[in-house]
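J.: Fold the following, please.
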Amino acid sequence: MDREDFVETYGFNLADLNQLLKEKKYRAFTEKLNDLNEADIADYIESLAPEMRLLVFRMLHKDIATDVFSFLEVDVQEGLINEVNDKELSSIVEELNVDDAVDMLEELPAIIVNRVLQNAKPETRKLINQFLKYPEDSAGSIMTAEFLSVKRRMTVKEAFDYIREHADRTETIYVLYVTDSQRHLKGVLTVKDLLMSPMDAVLNDIMEDNVIKCETIDDQEEVADLFTHYDLLSIPVVDQENRLVGIVTVDDIVDVIEDEATEDIEKMAAIVPTEREYFQVSVIETWKSRIPWLMLLMVSATFTGIIINSFEEALAACVALTGFIPMLMDTSGNCGSQASVTVIRALSLGDVEFKDIAKVVFKEVRVAFLCGVSLSAVNFLKIFLIDHLLFHNASITLMVDLVVCLTLCFTIICAKFVGCTLPMIADKLGFDPAVMASPFITTIVDAVSLLIYFTFAIVLLGI
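T.: Residues are numbered from 1 along each chain as shown. Purely as a prediction, here's the structure:
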């Protein structure tokens, strides 16, 4: 939230808070601070000097302190954990939602994790350890155990009584999951369903038994796809025996979608993914994440130099060909990148699968043909009118113009073909298709475009 929005929403700005804190007017500071949204309080605490964060955190009302803590960045959480006493730490751990506690512990050093678990109640510690055992990036690792489940033999009145009694210990009350005596998932209903039904109606008669669910070991990306496809607010998580063990809520899925999108972008840019924010990653760590792919791409790019050197005599015979190499390589690389990004996105959304590869190739080749003809026609006119007639470059003849334009058309078709097939093949082999993105495909297409270029030059110009 920027300064203007902050003033409009709360009637004062951050400078007012800082001034009250500086003047040690703690009563007024506390009143204004606790009026803020929990996420904004977390942002404010993060903006403070490390030595001031604990002081401000202790000024928060108990009923919002834990929520604020869950919004803090991991490094700030770690700093507070190191400074609070055991009683305060126990209170934080017990009030945190289990999924938030697990997310935090997965990022903290082992020595701090041990202290957190030592200050948790036995039942909380057991639950956290159970969540930590689930595979990373699985539904089990992001689910929460704070949910409402009702028995199918309950009446609507009994369900409402149950909600009133347990709502303060759950993350959401909008969706209820119906189970039998063995916790097997049998159905789902919403609070709206309860409101629209007679008080003596039995849940088994009004529930929806066709439940969209996932298992604890399902990949979190697959769970995110279910949320997107069915517009869910939450989804039940069951074990292999269909027993309800938790739910995944939409706020957790938003984080998953953001993390996965960031990871794909980093892979498409030839960067080893990292889950931390930009300024939290040191220069050395950033260098380590970028140099492997840069090294590989640099070595692979030497093949283009080898190709140029092998056709040195052809270039010497017609020097004019040299000036068009950058344009051909850049254009073909851009076309390959367009195709690869489009297909990678379609794969991530589930719009296409490997079995659709023939359809994808057929479509992309037709698109490539239209693009190639259009760009070649414009390029032919540009070379003829500007290079040949306007600048009177005698070395650029109509045949040279023809070689360049034919190469452009064919390289675009090849680039589109490579760009659409490599991600699908990678996905089929179990690799992340995002790896087969711009840098990698551009390197391949550059070499192919040079081979096509010199082949046309030799055949049509007789050099």
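
J.: For the closest residue to residue 144 other than its chain neighbours, give me the pLDDT.
T.: Of all residues beyond its chain neighbours, the one nearest residue 144 is residue 99 (4.0 Å), with distances taken as CB to CB, 6 or more residues apart in numbering. Yep, even glycine has a C-beta here, placed from its N, CA and C like the rest. In this prediction, residue 99 carries a pLDDT score of 79.

J.: What is the neighbour count of residue 99?
T.: 24 (other CB atoms under 10 Å).

J.: and after the helix or strand harbouring it, which helix or strand comes next?
T.: Assigning secondary structure by DSSP states H and E places residue 99 in helix 98-107. Sequence order places helix 110-118 as the next helix or strand after helix 98-107, per DSSP H and E.

J.: Tell me which helix or strand comes right after that following helix.
T.: Downstream of helix 110-118, the first helix or strand assigned by DSSP H and E is helix 122-132.

J.: quick one: that next one to chain centroid distance?
T.: Here helix 122-132 is found 28 Å from its chain centre; the criterion is CA atoms, centre = their mean, to the nearest Å.

J.: buried stuff in that helix?
T.: By neighbour count with 16 or more other CB atoms under 10 Å, helix 122-132 contains the buried residues 124, 127, 128, 130, 131, 132.

J.: Can you add pLDDT and give those residues back as JSON lines?
T.: Shown next, in JSON lines, are the buried residues of helix 122-132 (pLDDT from 0 to 100):
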{"residue": "124", "pLDDT": "86"}
{"residue": "127", "pLDDT": "83"}
{"residue": "128", "pLDDT": "84"}
{"residue": "130", "pLDDT": "83"}
{"residue": "131", "pLDDT": "84"}
{"residue": "132", "pLDDT": "83"}
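
J.: could these go into CSV alongside distance to residue 210?
T.: Formatted as CSV, the buried residues of helix 122-132 follow (distance: CB to CB, whole Å):
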residue, distance to residue 210
124, 34
127, 30
128, 33
130, 29
131, 28
132, 33
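
J.: For those, work out which two are farthest apart.
T.: Farthest-apart pair in the buried residues of helix 122-132 is 124 and 132; separation 12.5 Å (CB to CB).

J.: quick one: secondary structure of residue 176?
T.: Reducing the assignment to helix, strand or coil with DSSP: H, G, I helix; E, B strand; the rest coil, the entry for residue 176 is strand.

J.: no no, residue 247
T.: Residue 247 ends up strand, using three-state DSSP.

J.: Check the burial of it by counting its neighbours.
T.: As a burial measure, the neighbour count of residue 247 was computed by other CB under 10 Å and equals 27.

J.: Show me what it bridges to in the sheet.
T.: Beta-bridge partners for residue 247, by DSSP bridges, are residue 144, residue 236.

J.: tell me the contacts of it?
T.: Applying CB atoms under 8 Å, 6 or more residues apart in numbering, we find residue 247 in contact with 143, 144, 147, 171, 172, 175, 177, 234, 235, 236, 237.

J.: my guess is the residue nearest to residue 144 meets residue 252, correct?
T.: Yes - taking contacts as CB atoms under 8 Å, residue 99 lies within contact range of residue 252: 6.3 Å.

J.: shared neighbours of these two, anything?
T.: When contacts are counted by CB under 8 Å, 6+ apart, residue 99 and residue 252 are jointly contacted by 142, 143, 144.

J.: May I see the domains of this structure written out as residue ranges?
T.: Per automatic domain parsing, the structural domains of the chain span 3-140, 149-263, 278-461.

J.: okay, which residue of the protein is out on the far edge from center?
T.: residue 394 (53.7 Å; CA atoms, centre = their mean).

J.: Much appreciated, bye for now.
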